[in-house]
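> sequence first, predicted coordinates after that:
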Amino acid sequence: MTLFPSFESYDLFIALIFGITTYVAFFYFKYFTSSRRLPGPIPFPIIGNLETYYVDDIIKVAADMQSKYGDIWEIRQGSERHVWICRADFAAKLLNPAYTNNNYLLRTTENEGLDLMDLTTKGMIYNRDIDGWISNREFVRQILVSPKFLRHATNETTKLFAEMETYWSELGPETELNLIDWMMRFMTDSTFITVTNERVYALANYYNKIPNSKGASHPAALLHESEKFVNCVRSHFMATLFFKDTNKYLWKLYPPYRRKSKKLLSDVAWLYEKVHEIIKERRKEIRNLSPEELSEDILTLMLVSNNGVNDDTTKQIAEDQVQSTLYEVIGGGIDTTSNSFCYVVYYLAHYPEVKEKMMKEIESVFEDVNDPITYENLKKLNYCEAIIKEASRIMPTVSVLFRVNDKADDIEGHHFDPSTLFKIYVQGIHLHEARAHWKNPKEFDPDRFFGSNAKSVQRNSLLPFGGGSRICPGKQLSMLQMKQLMVLLYRKYDVELVDMDAPIKFVSSVVNHCEELPVRIRLKKLE
Ligand code: HEM
């Protein structure tokens with residue numbers, strides 16, 4: 001005897017339809033009657049808003065939403081609320097600079113993909129263990145802002161630029177090149193030297209690929225390894241963005257995303273093994289060298305602090321944190337500085353009067369074209385700094401900042417449960433038409449940041465390096481490097497865009513990647 005003799009497949013179907021209809025009706029009843037609902041597109045049950053799945057279009061989506069829904073709105077990925085903030089004053093609590101009594105120290109909610117990469121209890125960027133994050137961050141920050149390290153980085157940049165010039169000179173006195181490709185290579189080499197004191201030959205590798213090049217002076221095996229290394233560092237960075245922004249069911253179940261996640265994780269595993277070897281080797285070297293013989297790269301400084309060579313016990317980094325912290329310091333600066341510098345070059349080409357004023361400043365500090373570049377002199381380049389700020393205001397490389405609240409909180413009269421994900425829309429704030437953060441926000445005008453004007457910048461209205469407790473610890477270093485590149489490039493070369501009518505070609509995502517910037521570089525005739 002069956003329990004339900006008359007319950008056939010038709011009844012099952014009807015029951016299923018009834019169940020789904022009730023669930024959907026209940027979902028929308030709750031949604032539309034919720035007093036906490038913010039403006040935003042109506043989500044689907046379970047899935048949320050489809051727009052959140054197209055991660056490559058995130059900025060276009062954000063701009064459309066800002067114009068439709070205003071300065072605070074929500075969108076859902078699955079059942080997770082993403083609250084977007086598009087006004088400097090609304091972001092005040094989220095960008096609190098304190099380490100204590102701050103409800104917004106976290107950057108992400110729990111995330112299985114980032115767990116798999118072993119990043120949620122280690123390093124800085126995605127570390128959810130607040131004490132561990134503060135200790136790693138303070139350790140790295142102190143190195144990155146120390147004049148000794150910045151001087152070392154300045155010297156290495158000068159040497160590397162000279163190497164890049166030898167490749168350019170072989171290409172002829174006037175050459176066309178895709179600046180973003182060269183910059184990515186340049187920054188990869190420069191970052192590896194300053195962070196690990198290891199060469200990865202990214203520039204040499206790239207140059208050797210150029211047809212008719214004569215400069216193959218590095219063993220092929222080394223070039224192959226180094227190219228893989230560089231690609232895997234990039235995969236590490238891309239993997240963090242992928243896992244942070246992609247719903248876990250998509251990367252677990254949807255075949256194209258599953259394949260992508262497997263490829264990224266296999267690159268990451270290869271990189272972890274290589275970095276582990278580098279760290280092991282460096283430990284051996286350190287044991288055999290006296291403190292005076294040690295190099296001043298970040299890896300050595302991290303290991304020395306753990307080896308008891310450094311007596312200063314306030315500067316310690318836990319043994320198991322070295323590896324993750326290292327990737328972040330390597331990955332944090334390559335794409336960001338390369339892209340930001342390309343945007344500077346783009347705007348300088350379009351604003352000759354700005355370029356002229358910049359040249360005057362450079363010539364006033366470095367009278368001769370061969371004057372050595374020092375950290376102290378670079379600090380004097382206030383107008384160059386204003387240009388970088390203005391280019392990053394109009395075209396920020398990082399366009400979204402993330403924060404998560406630990407406890408329930410109210411912002412602008414809206415109540416938020418704990419673990420709500422907030423997204424601060426940097427471009428939306430920088431180019432806000434109505435709020436008057438900036439006069440004529442779409443106009444390129446470095447004078448906004450020059451002389452006495454620099455003092456009247458509204459709080460949180462300029463965020464290319466983020467803000468608050470999690471502001472970029474590499475800010476001083478990358479500002480210095482970009483100023484140095486401006487001097488090195490423009491005092492010796494004329495730089496033109498190949499196509500002055502072409503808009504900046506970039507892929508808009510959390511990081512705005514410049515896809516291509518063809519430039520013509522001509523060695524200046526010097527008197
Ligand atoms: C032009 C170059 C750069 C730009 C535009 C940039 C931008 C940013 C932004 C927007 C953030 C997020 C801040 C926030 O959430 O408020 C960030 C964080 C970070 N950046 Fe940078 N950055 C640059 C260069 C660098 C460099 C050179 C390094 C390393 C040497 C670096 C390492 C990091 C790290 C480790 C974090 C995470 C900090 C934390 O969560 O505590 N960045 N950066």
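In hand now; what should we look at? Just so it is clear, the model here is predicted, and its values are computed rather than measured.
> which positions in this protein make contact with the ligand?
For the chain, the residues in contact with the ligand (Cβ under 6 Å from any ligand atom) are 107, 124-125, 137, 144, 328-329, 332-333, 336-337, 340, 397-398, 401, 464-468, 470-474, 477-478. C-beta here means a position set from N, CA and C on the backbone, and glycine is covered the same way.
> let me see the contact set for the spatially most central residue of the chain.
The C-alpha lying nearest the average C-alpha coordinate of the chain belongs to residue 336 (Cα atoms, centre = their mean; 5.0 Å). Contacts for residue 336 (Cβ atoms under 8 Å, 6 or more residues apart in numbering) come out as 397-398, 474, 478, 511.
> tell me how far it lies from residue 464.
Plainly put, residue 336 is 9 Å away from residue 464 if you go by Cβ to Cβ, to the nearest Å.
> and the contacts of residue 336, which is closest to the ligand?
Nearest to the ligand among those is residue 474, at 2.2 Å by Cβ to the nearest ligand atom.
> and the closest one, backbone torsions?
Backbone torsions for residue 474, taken as degrees, to the nearest 10, come to phi -100, psi 10.
> need the pLDDT of it.
pLDDT recorded at residue 474 is 96.
> wait, isn't it in contact with residue 331?
No - counting by Cβ atoms under 8 Å, residue 331 is not a contact partner of residue 474; they are 10.7 Å apart.
> thinking again about what came up before, Three-state assignment for the residue nearest to the centre of the chain, please.
Taken by DSSP: H, G, I helix; E, B strand; the rest coil, the conformation at residue 336 corresponds to helix.
> still on that earlier bit, out of the residues of the chain next to the ligand, list just those in helices.
Residues from those lying in helices, with DSSP state H as the criterion: 137, 144, 328-329, 332-333, 336-337, 340, 477-478.
> residue 371: which of those residues is nearest?
Distance to residue 371, by Cβ to Cβ, is smallest for residue 477 among these, at 21.9 Å.
> that closest one touches residue 147, doesn't it?
No - with contacts counted by Cβ under 8 Å, residue 477 stays clear of residue 147, the gap being 11.6 Å.
> so these two - more neighbours on which side?
Taking other Cβ atoms under 10 Å, residue 477 and residue 147 do not tie; residue 477 has more neighbours (23 against 11).
> residues contacting that one?
When contacts are counted by Cβ under 8 Å, 6+ apart, residue 477 touches 144, 149-150, 153, 333.
> and the residues you listed as TSV, adding distance to residue 198 and pLDDT?
Below are the contacts of residue 477 laid out as TSV (distance: Cβ to Cβ, whole Å; pLDDT from 0 to 100):
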residue	distance to residue 198	pLDDT
144	18	93
149	17	91
150	20	94
153	15	94
333	15	90
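> that older thread, can I get the buried ones among the residues of the chain next to the ligand as something I can paste into ChimeraX?
Listed next is the ChimeraX selection for buried residues among the residues of the chain next to the ligand, using 16 or more other Cβ atoms under 10 Å:
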select :107,124,125,137,144,328,329,332,333,336,337,340,397,398,401,464,465,466,467,468,470,472,473,474,477,478
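> got a list of contacts for the helix or strand containing residue 160?
Per DSSP states H and E, residue 160 falls inside helix 147-171. Applying Cβ under 8 Å, 6+ apart, the contact partners of helix 147-171 are 143, 175, 177, 182, 186, 189-190, 193-194, 203-204, 207, 210, 213-215, 296-298, 372-375, 378, 476-477, 480-481, 484-485, 488, 492, 521, 523.
> give the next helix or strand downstream of it.
Later in the chain than helix 147-171, the nearest helix or strand by DSSP H and E is strand 174-178.
> what residues does that following strand touch?
Outside strand 174-178, the residues that touch it by Cβ under 8 Å, 6+ apart are 168, 171, 498, 516-523.
> least confident of those?
pLDDT across the contacts of strand 174-178 is at its lowest for residue 171, which sits at 86.
> what about that one, neighbour count?
Residues lying near residue 171 (other Cβ under 10 Å) number 16.
> any stretches of the chain with poor pLDDT?
1-7, 54-56, 209-224, 306-316, 435, 526-527 (pLDDT under 70).
> redo that, cut-off 80
The chain contains residues with pLDDT under 80 at 1-8, 52-58, 208-227, 230, 245, 247, 305-320, 434-436, 509-510, 525-527.
> quick one on the thing from earlier: from the contacts of residue 477, pick the one nearest residue 389.
Ranked by distance to residue 389 (Cβ to Cβ), those are led by residue 333 at 17.6 Å.
> the strands in the stretch 301-450 of the chain, which residues?
Under the criterion DSSP state E, counting those that start in this stretch, strands of the stretch 301-450 of the chain are mapped to 400-404, 409-411, 414-416, 421-425.
> adding distance to residue 431, write these out as JSON lines.
Formatted as JSON lines, these follow (distance: least, Cβ to Cβ, whole Å):
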{"stretch": "strand 400-404", "distance to residue 431": "14"}
{"stretch": "strand 409-411", "distance to residue 431": "22"}
{"stretch": "strand 414-416", "distance to residue 431": "24"}
{"stretch": "strand 421-425", "distance to residue 431": "10"}
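> so which of these is the most surrounded?
Across the strands of the stretch 301-450 of the chain, the average number of neighbours (mean count of other Cβ atoms under 10 Å) peaks for strand 421-425, which reaches a mean of 24.
> what residues sit buried inside stretch 99-111?
Neighbour counts using 16+ other Cβ under 10 Å place 102-108, 111 of stretch 99-111 among the buried residues.
> what about that stretch, how long is it end to end?
This stretch, stretch 99-111, spans 23 Å end to end (Cα to Cα, to the nearest Å).
> contacts for that stretch, please.
Stretch 99-111 is contacted by residues 80, 93-96, 114, 120, 125-126, 128, 130, 133-134, 243-244, 248, 402-407, 409, 419, 421-422, 468-470 when judged by Cβ under 8 Å, 6+ apart.
> contact partners for the closest residue to residue 344 other than its chain neighbours?
Closest residue to residue 344 apart from its sequence neighbours, by Cβ to Cβ, 6 or more residues apart in numbering: residue 391 at 4.6 Å. By Cβ under 8 Å, 6+ apart, the residues touching residue 391 are 340, 343-344, 346-347, 444.
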